[in-house]
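Undergrad: 3D, please:
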Amino acid sequence: MPINFPISPTLNQVYTFGNRTWTWDGTAWVVVPLAGPTGPTGPAGPTGPSGPTVYPSAGVAVSTGTAWNTSLTAPSGALVGTTDTQTLTSKTIEAGTFTNGYTEEVATANTGTAYTIDLANGSVQILTLTGNCTFTFPTATAGRSFILLLKQDGTGSRTVTWPAAVKWPGGTAPTITSTASKADKYIFTADGTNWYGSNAGQNYTV
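TA: Residues are numbered from 1 along each chain as shown. Next comes the predicted model:
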C-alpha cells in the first residue's frame, strides 16, 4: 500500500501510518525507531538529608521520643518572666515563699462625710477624717482582709459610723481617738458574711 506523505512538510514534523512513525529532517522522511522493551530497574540512589523538624502550630510541643505532639494547652496571656516587673491578675499562689518581703498596695484619701472602701485600690487604707464619716465596706468575701490607718485631721473630734456588717470584740466598737492629728490602726478580716474588726493600736502621733 503506498504511503502518502504530507506535501511541503516542516522541519521535525511527525507523520504516523499504521504502527510506523516518520519525522521530516528538512530533506527526507526518516523512520523513527520503535521503542524497545523497558530495561531492568536501576539501583536506588542515596538517601537525601532530613527535612526540618515540624512543631505543632498551637499548644506546648511534647516529645514522644520519635515525634512532636501537642498534649498540653499553652496558657493565655503574657508569659511570666523571672526578672521582669509585671502585674499578675487573678492568679493563685500556692505554697509561695517571699524571700525579700512584700509590699501591699496603699490607698490614701480624705473621707469627707461618707467614704466607700475599695480594696481594688489597696489593702492598706490610710484615711484622714475630714468630717463625721459613715463608712461603706466592700462585700465580705471570705479570707479578705485589710488594714485601716484612721487619722484625725487638724481639726479633730471627727466621728465614725461603722457598717452593720462590722463585728467587734464583745459587740462594742472601740472609741476612736478624737485628738487632732492623731491616728488609730484597725485590722478587718471577712468570713463571707461579716467583717471582724480588731483594734491594733491607738493614739499614734502623725
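Undergrad: Chain neighbours aside, what residue packs nearest to residue 14?
TA: Leaving aside its sequence neighbours, residue 14 sits nearest to residue 23 (C-beta to C-beta, 6 or more residues apart in numbering; 5.2 Å). Backbone N, C-alpha and C define where each C-beta goes, glycine included.
Undergrad: Kindly report the same for residue 193.
TA: Spatially, and ignoring its direct neighbours in sequence, residue 193 is nearest to residue 140 (5.8 Å; C-beta to C-beta, 6+ apart).
Undergrad: ditto for residue 154
TA: Nearest one to residue 154, counting by C-beta to C-beta, 6+ apart, is residue 180 at 5.4 Å.
Undergrad: And the one you found, how far from residue 206?
TA: Residue 180 sits 10 Å away from residue 206 when distances are taken as C-beta to C-beta, to the nearest Å.
Undergrad: more neighbours, those two?
TA: residue 180 (13 against 10; other C-beta atoms under 10 Å).
Undergrad: and that one, which of the three is it?
TA: coil (DSSP: H, G, I helix; E, B strand; the rest coil).
Undergrad: Was I right to think it contacts residue 156?
TA: Yes. Counting by C-beta atoms under 8 Å, residue 156 is a contact partner of residue 180 at 3.1 Å.
Undergrad: Beta-bridge partners for residue 195, please?
TA: residue 166, residue 190 (DSSP bridges).
Undergrad: In contact with it, which residues are there?
TA: Applying C-beta atoms under 8 Å, 6 or more residues apart in numbering to residue 195 gives the contacts 137, 140, 163, 165-167, 188-189.
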